[in-house]
Every structure is written in structure tokens, then in C-alpha cells.
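K.L.:
Using only what follows, build the 3D model:
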Amino acid sequence: MPPIVINLRKTEDSRDVVHRAVQTLAEGKLVVFPTETVYGLAASARRADGVRRIFEAKGRAHNSPLALAIRSVEDAIDYAPTLGVKAQRLARRCWPGPITLVVKHGEDESLLRQLPQEVRAAVAPNGEVGLRVPAHSAVLDVLHMLAGPIALTSANLSGQPDAVTAEEAIRSIGQHVGLVIDDGACRYGQPSTVVRARDDSYECLREGVVPASALERLASMLIVIVCTGNTCRSPMAEALLRKLVAEQLGCKVEEVEQRGVLVSSAGVSAAPGGGAAPEAISTMKERGLDLTRHESQPLTEKLVRQADLILALTGAHRQAIIRRWPEASTRTFLVQPDNTDIEDPIGCPMEVYEQCANQIEEALRQRVKELKFT
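P.N.:
Residues are numbered from 1 along each chain as shown. The predicted structure follows:
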């Protein structure tokens, strides 16, 4: 029996498409979804019969695990409670998006234990599970309505080319599926990059959309320092912190990024593209640090999501960050370890800037001693 095919670009009510996909999956049938990489073949991970149909449809060996499509980084921690630092960084910076993370799941604490035994054997046969958050609204909307994750793989016969259009998926496995959602050609037209991530290391298992050469930067530690306008305090703090990290790692300032540490700064009320204050430039120049190329930037949701550590110059800055992004509260602290403010020197004479820089450097020196650079 041929599948029902819905053209997402011509439908008047995308919510109806989502409801039909959820219903199809809940009945243990298969759905072909568009994703940003290639078309995917999906079954509810709560239905062993549906997962069994994936293997039958693809002619796939049962020792080849399926990935789990989930909604977010928070879901990933539910399924892999011991999710390591590198994995969390890659997830925060790449999801939703074209990276599949293979991580240890720790079965006793993982929500995997709530899935049928046959499904657990299909998605996590050897202590690891592949997790992915596809960047396509159809899949994400279904994941928010469906109870539990989706078992997901490419919508093609095993060993055959990936399907990058709905027509290709239908020709390959159409007779086995209940519903096909057609959203035209996939954006990238190539598979996700698969990365095995541990606490302090990672290994690229399959290079896909994300080049292997980009993984090192994506897995680096990112520290963001925040003040108001990103022209005085935080640019000085950024330059000073980079110098202190270099001292701690025993490398040159320009080698800090290569050693896996990124330092940035931003302002809660900053306008983009402004230069550092002349007094800040002069103060840093006396320390051998260059702020002449600094460009101010506002603190954005993306920057907050990607940061491992956010250091605010005052309590008001910290509160402003947490109020807007409460999920960042456990990663946001004051520059001063004693939780006191560092006042803004803007409009003050040079000696006030120098006092401010001394205060920042002393505080950051203590912070650096506390940090574990992995």
C-alpha cells in the first residue's frame, strides 16, 4: 500500500500535518521526515513494533544502532545523565543541527530504561547512545507533541545513497511507511557529522555537514565577560583574561585559542561595532595588550547558550542575564570572587581606568586558578 504523502509547502495547516505524523508514529507505523541533512525514517521509540519495521524497511543489520531524535540539550541529559563537558559544548553549539553525538548513557539513571527492551537493544546496545536534535520544524514539532523520543535513521535502503528528496525516499522504502512529509530538497543534502564525545575528548566517527576541522573550535571552552556597553570594563577584562589564561597554560596569548580556550566579551546594552574607550586602549597598551581592534557587541541568546562560563562585572549585570536567560544561572558569576561590583570608569580620568584594570586583573587571576581548562 503506497504511503500518504503530504507536501508541507502546499498544506494550509501545518499543525494538521504534525498531528497526523504523531498519530502515525503512535500507531507503530513509520514516517519519512525532511531534515536539514537528508530525509529520515522514523518510528516512535516507545513502540518496539515500529522500531522493528525500520530494520525491515531498510534491510538493516540489527547490530547497526539507530539514533534517538530528541528535543534539546536538556533531553540529552535525561538520556545520558553523565553527559561530558565536550558533549555538552557540542550540543549547545550545534543543536538543533547536523551533529549526532554518541555518548555513554549510564543505563541505571537514563530515561532509556523506560523504553521497551527491544528498542533499547536497537538504540543503545553497547553502553552508548546516538543523540540528535534535527533542525527542521516538522520533526521538532512532532517531538514536542509525541510522548518520548523518535528512533531515527536515513530514509534509504542500507548501503544505497541517501535520499535528499521525498521522491527518492519513496522510491527506496515507500512501501514500508505510513506517511511521507515532503518539504522539497534537504538544505545540506549530506548526512550529519557523527561524533563520539567523552568528558575531555571527542572522536569524529563520520564526517558529514560539519567538517572535522571545525570540531576543535566547537568543543573549546568559551568564557564571556559582560558589562554594560562593552567599551570599557569588559574589553579590558577580555584582554586581561586571555593573558592570564596564556600564563596558566604556558603559551603565548595568540596561542590560547589553539589550546582550546576562547575568550569574548559583550554588553547587556551594547551597540554593535563600537570601539573600546580611548582610556581603556591606553590602559591596556601599558600592559602590552592591544584593544585597538575591539568591536563592541550586545550579549545575545546564541552567545549565552554557547558560553561555558559568563563573568559579569556587577550584580546588576548578572541579574539582567539571569532574568532573560534563567537557564544560564548556573554558568553566570561575578568577575569578583567575593561577589562585589567593579564600577564603571567611563568618563573618569586615566588613573580610574588603571585602578579598574588592577581590580579586574586581581579578580581574574583568582578566577583562573579555579578553572579547569578541558
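
K.L.:
Contacts for stretch 176-185 next, please.
P.N.:
Contact partners of stretch 176-185, identified using C-beta atoms under 8 Å, 6 or more residues apart in numbering, comprise 3-9, 17, 20-21, 24, 27, 29-34, 41, 53, 56-57, 136, 138, 164-167, 169-170, 174. For every residue, glycine as well, the C-beta is placed using N, CA and C.

K.L.:
three-state assignment of Ile181?
P.N.:
The local conformation at Ile181, judged by DSSP: H, G, I helix; E, B strand; the rest coil, is strand.

K.L.:
and the gap between it and Ser234?
P.N.:
In this structure, Ile181 and Ser234 are 45 Å apart, going by C-beta to C-beta, to the nearest Å.

K.L.:
Contact partners for the residue nearest to the spatial centre of the chain?
P.N.:
The residue lying closest to the centre of the chain (C-alpha atoms, centre = their mean) is Arg92, at 2.2 Å. When contacts are counted by C-beta under 8 Å, 6+ apart, Arg92 is found next to Val73, Arg305, Gln306.

K.L.:
how far away is the first one from Leu303?
P.N.:
Pointing back at Val73 there. 16 Å.

K.L.:
so the residue nearest to Ala328 when sequence neighbours are not counted, which of the three states?
P.N.:
Beyond its immediate neighbours in the sequence, the residue positioned closest to Ala328 (C-beta to C-beta, 6 or more residues apart in numbering) is Val304, lying 5.1 Å away. Reduced to three states with three-state DSSP, the structure at Val304 is helix.

K.L.:
just Leu157 next, same as before
P.N.:
Criterion first, three-state DSSP; result for Leu157: coil.

K.L.:
list the contacts for it?
P.N.:
With contact set as C-beta under 8 Å, 6+ apart, Leu157 has these partners: Lys58, Gly59, Ser172, Ile173.

K.L.:
The last one and Ala155 touch, don't they?
P.N.:
The one in question is Ile173. Yes - assessed by C-beta atoms under 8 Å, Ile173 is found in contact with Ala155 at 6.1 Å.

K.L.:
Need the overlap of contacts for these two.
P.N.:
Residues touching both Ile173 and Ala155 by C-beta under 8 Å, 6+ apart: Val32, Leu41.

K.L.:
Looking at those two, which is more packed in?
P.N.:
Here Ile173 and Ala155 are compared on neighbour count by other C-beta atoms under 10 Å; more neighbours surround Ala155, at 32 against 26.

K.L.:
Quick check on the contacts of Arg92: which are buried?
P.N.:
Applying 16 or more other C-beta atoms under 10 Å to the contacts of Arg92, the neighbour count classes Val73, Gln306 as buried.

K.L.:
export the contacts of Arg92 to CSV and tack on pLDDT and distance to Ala121?
P.N.:
As requested, the contacts of Arg92 are arranged in CSV below (pLDDT from 0 to 100; distance: C-beta to C-beta, whole Å):
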residue, pLDDT, distance to Ala121
Val73, 92, 26
Arg305, 94, 34
Gln306, 94, 35
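
K.L.:
Report the mean confidence score over stretch 245-257.
P.N.:
Averaging pLDDT along stretch 245-257 yields 95.

K.L.:
List the contacts of that stretch.
P.N.:
Applying C-beta under 8 Å, 6+ apart, the set of residues contacting stretch 245-257 from outside is 217, 220, 242-243, 258-259, 261, 263, 289, 368-369, 371, 373.

K.L.:
Narrow the residues you listed to those in strands?
P.N.:
Counting by DSSP state E, the part of the contacts of stretch 245-257 found in strands is Val261, Val263.

K.L.:
Just the buried residues out of the contacts of stretch 245-257, in PyMOL syntax.
P.N.:
Buried residues within the contacts of stretch 245-257, as defined by 16+ other C-beta under 10 Å, are selected in PyMOL through the command that follows:
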select buried, resi 220+242+243+259+261+263+289+368+371
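
K.L.:
And the contacts of stretch 245-257, which two are furthest apart?
P.N.:
Farthest-apart pair in these is Arg217 and Lys369; separation 25.3 Å (C-beta to C-beta).

K.L.:
And the next helix or strand past whichever helix or strand Asp16 is part of?
P.N.:
Per DSSP states H and E: Asp16 is located in helix 14-26. Under the assignment DSSP H and E, the closest C-terminal helix or strand after helix 14-26 is strand 31-33.

K.L.:
quick one: the helices in the stretch 201-350 of the chain?
P.N.:
Taking DSSP state H, counting those that start in this stretch to define them, one finds helices in the stretch 201-350 of the chain at 212-218, 233-249, 278-285, 301-306, 315-324, 350-370.

K.L.:
any idea which of these is most buried?
P.N.:
Ranked by mean neighbour count under mean count of other C-beta atoms under 10 Å, the helices of the stretch 201-350 of the chain are led by helix 233-249, which reaches a mean of 24.

K.L.:
Report the angle between that one and helix 278-285.
P.N.:
Here the directions of helix 233-249 and helix 278-285 differ by 10 degrees (axes from the mean of the first three to the mean of the last three C-alpha atoms, to 10 degrees).

K.L.:
Just the CA atoms of helix 233-249, as PDB, please.
P.N.:
What follows is helix 233-249 as a C-alpha-only set of coordinates in PDB (Å, rounded to 0.1, in the frame of the first residue of the first chain):
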ATOM      1  CA  ARG A 233      35.400  47.200  31.600                       C
ATOM      2  CA  SER A 234      34.600  44.000  29.600                       C
ATOM      3  CA  PRO A 235      37.100  44.700  26.800                       C
ATOM      4  CA  MET A 236      39.800  45.200  29.300                       C
ATOM      5  CA  ALA A 237      38.700  42.100  31.200                       C
ATOM      6  CA  GLU A 238      38.700  40.100  27.900                       C
ATOM      7  CA  ALA A 239      42.300  41.100  27.100                       C
ATOM      8  CA  LEU A 240      43.500  40.500  30.700                       C
ATOM      9  CA  LEU A 241      41.800  37.100  31.000                       C
ATOM     10  CA  ARG A 242      43.300  36.000  27.700                       C
ATOM     11  CA  LYS A 243      46.800  37.000  29.000                       C
ATOM     12  CA  LEU A 244      46.200  35.200  32.400                       C
ATOM     13  CA  VAL A 245      45.000  32.000  30.600                       C
ATOM     14  CA  ALA A 246      48.100  32.100  28.400                       C
ATOM     15  CA  GLU A 247      50.200  32.300  31.600                       C
ATOM     16  CA  GLN A 248      48.300  29.400  33.200                       C
ATOM     17  CA  LEU A 249      48.600  27.200  30.100                       C
END
